[in-house]
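K.L.:
3D, please:
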Amino acid sequence: MGSNLYFVSDGLASAMAEYRYDTEDELQKLIADNPSLLLRDGDRDGARLMLVAREYEMAVSEDSTASYYLDHLMVNQAGVPVLVEVKRSTDTRTKREVVAQMIDYASRVSTWDAGELREQFRESNADSELLEEYDTDEFWEQVATCLKAERFQLVFAADRIPVTLKTMIEFLDRSMSDIGVYGVELRQYKAGNAHLLSSNVVGNTLAEQRKDLSSAKRVNRFWTLDECLENIRGRGMPELVPVVEDIWNFTVNDLALVCKFRHGKRPSFRAYLGEWSLFEVTAWWRKQEHVCTLDFFLPNHVSHLAGTEWDEAKLRAMLTDLPGADKAKSKGLIWETPKCVYFDLHILGDPEFFYSFKQMVIKLRDLTATALNSHNSQNSKSASTGI
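P.N.:
Numbers count the residues shown, from 1 in each chain. Model prediction:
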């Protein structure tokens, strides 16, 4: 049995008839203005799609002036890129050619620059509240990770998706573990001035939901050392793996500190003396590139060493006054912010610099240990006197 749509106004029902889109541009604009039309029923609560760019331009190759244009490039709330191709059912390319076209685009994803996508996202959402929540280094670091790992979604949007295309969509979705594929039919109905849209998702949506949940668990969890090292390799920094291993061994064996991994989307562990954190090692996204750094959070140290001669200025000098530090600063391998001092781990790959760095950290550990013992002693005295 079929179903009919009616628009009811003042108690009178008018039959709504389906209308084809006059142009592909009409359908494209509708999607660009309303990305949520492409969400699936099974997407978890809080899911959203956001436009990065319409007619996203891709060069065919570095030595060619020719370009391809993806109809829409979007990103979801987890930082997963979403490639969208739009075709009307009257377009004879709705089947095999559009699938080949989409796979060609998908093969280039790992070469895209997340920094450039961020700029286009800002332009497309200049007057939107989305910028406050999603224009952050952490979010675009996750986008960069997905690009490099080739974890994204392919969406085919049309007014009608024929059976042949549906079959290919389901096959692609079954065959690719980190790439979700589905189609969305957007039909429009009119009755006088009334305009109704229906969204129907086609494809292997149950499998896609399982992959989404699995991805969410992977990117927001407690890390292990092996997983951290593998993530750093995946970010294109295999040369830093032995450096991280050396830092870990130095921290645990020489400094007698405890390393604890943090819960989150990026691999990060802190070195603790008792309950006090001395430094953190983190892989993240900075200025359009992956970096792995060792960070000193100065407010913690100023608090730990309160009542001693070690104020913030003297601490900064101790952390950065190392042989070769000036040269490293000029190369951007050491930098400071109002609250932190950062060491890019590439500079710690230099054995001579790493030796000087370790002597500095040993001094910091000893200063902190003295302050911690004093702090614990005062607490014990207060407890014994009932103060």
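K.L.:
next, residue 259: secondary structure please.
P.N.:
Reducing the assignment at residue 259 to three states with DSSP: H, G, I helix; E, B strand; the rest coil gives strand.
K.L.:
report the separation between the nearest residue to it once chain neighbours are set aside and residue 258.
P.N.:
Distances taken as CB to CB, 6 or more residues apart in numbering place residue 269 nearest to residue 259, at 5.0 Å, with adjacent residues excluded. For glycine as for every other residue, the C-beta is placed from the backbone atoms N, C-alpha and C. For residue 269, the distance to residue 258 under the criterion CB to CB, to the nearest Å works out to 10 Å.
K.L.:
between the two, who's got more neighbours?
P.N.:
Comparing residue 269 with residue 258 by other CB atoms under 10 Å, the one with more neighbours is residue 269, at 22 against 13.
K.L.:
separation between that one and residue 230?
P.N.:
When distances are taken as CB to CB, residue 269 and residue 230 turn out to be 14 Å apart.
K.L.:
just the strands from the stretch 201-350 of the chain, written as ranges.
P.N.:
Along the stretch 201-350 of the chain, the segments classed as strands by DSSP state E, counting those that start in this stretch run 221-222, 258-261, 263-264, 268-273, 276-286, 289-297, 334-336, 340-344.
K.L.:
in the longest one, what's buried?
P.N.:
Of all the residues in strand 276-286, those buried under the rule 16 or more other CB atoms under 10 Å are 276-285.
K.L.:
what's the helix or strand encompassing residue 364 packed up against?
P.N.:
Residue 364 is part of helix 351-385 when elements are defined by DSSP states H and E. Using 3 or more CB pairs under 8 Å, 6 or more residues apart in numbering; DSSP states H and E, the elements in contact with helix 351-385 are strand 268-273, strand 276-286, helix 298-304, helix 312-320, helix 345-348.
K.L.:
host element of the spatially most central residue of the chain?
P.N.:
Most central residue of the chain, judged by C-alpha distance to the mean C-alpha position with CA atoms, centre = their mean, is residue 142 at 1.3 Å. With elements taken from DSSP H and E, the one containing residue 142 is helix 137-149.
K.L.:
state the distance from the residue lying closest to residue 272 once chain neighbours are set aside to residue 301.
P.N.:
Once flanking residues are discounted, residue 272 sits nearest to residue 258: 4.7 Å by CB to CB, 6+ apart. Using CB to CB, residue 258 is found at 17 Å from residue 301.
K.L.:
now stretch 23-40: buried residues?
P.N.:
Buried residues in stretch 23-40, counting neighbours by 16+ other CB under 10 Å, are found at 24, 27-28, 30-32, 35, 38, 40.
K.L.:
TSV for those residues, including pLDDT?
P.N.:
TSV is the format used below for the buried residues of stretch 23-40 (pLDDT from 0 to 100):
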residue	pLDDT
24	88
27	92
28	92
30	93
31	93
32	93
35	93
38	91
40	79
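K.L.:
in TSV: those, plus distance to residue 356.
P.N.:
Written out in TSV, the entries for these read as follows (distance: CB to CB, whole Å):
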residue	distance to residue 356
24	63
27	62
28	58
30	61
31	57
32	54
35	52
38	54
40	55
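K.L.:
and which of the residues you listed is nearest to residue 321?
P.N.:
Proximity to residue 321 was ranked across the buried residues of stretch 23-40 by CB to CB; first place goes to residue 35, at 51.1 Å.
K.L.:
who touches the closest one in this structure?
P.N.:
Under the criterion of CB atoms under 8 Å, 6 or more residues apart in numbering, the neighbours of residue 35 are 48-51, 72, 74.
K.L.:
determine which two of these are furthest apart.
P.N.:
48 and 72 (14.6 Å).
K.L.:
which strand in this structure runs the most residues?
P.N.:
With DSSP state E applied, the strand covering the greatest number of residues in the chain is identified as strand 179-191.
K.L.:
just the buried residues of that strand, please?
P.N.:
Of the residues in strand 179-191, those scored as buried under the neighbour-count criterion (16+ other CB under 10 Å) are 179-189, 191.
K.L.:
and those residues, which is closest to residue 378?
P.N.:
Each of the buried residues of strand 179-191 was checked against residue 378 using CB to CB; the closest is residue 180, at 57.0 Å.
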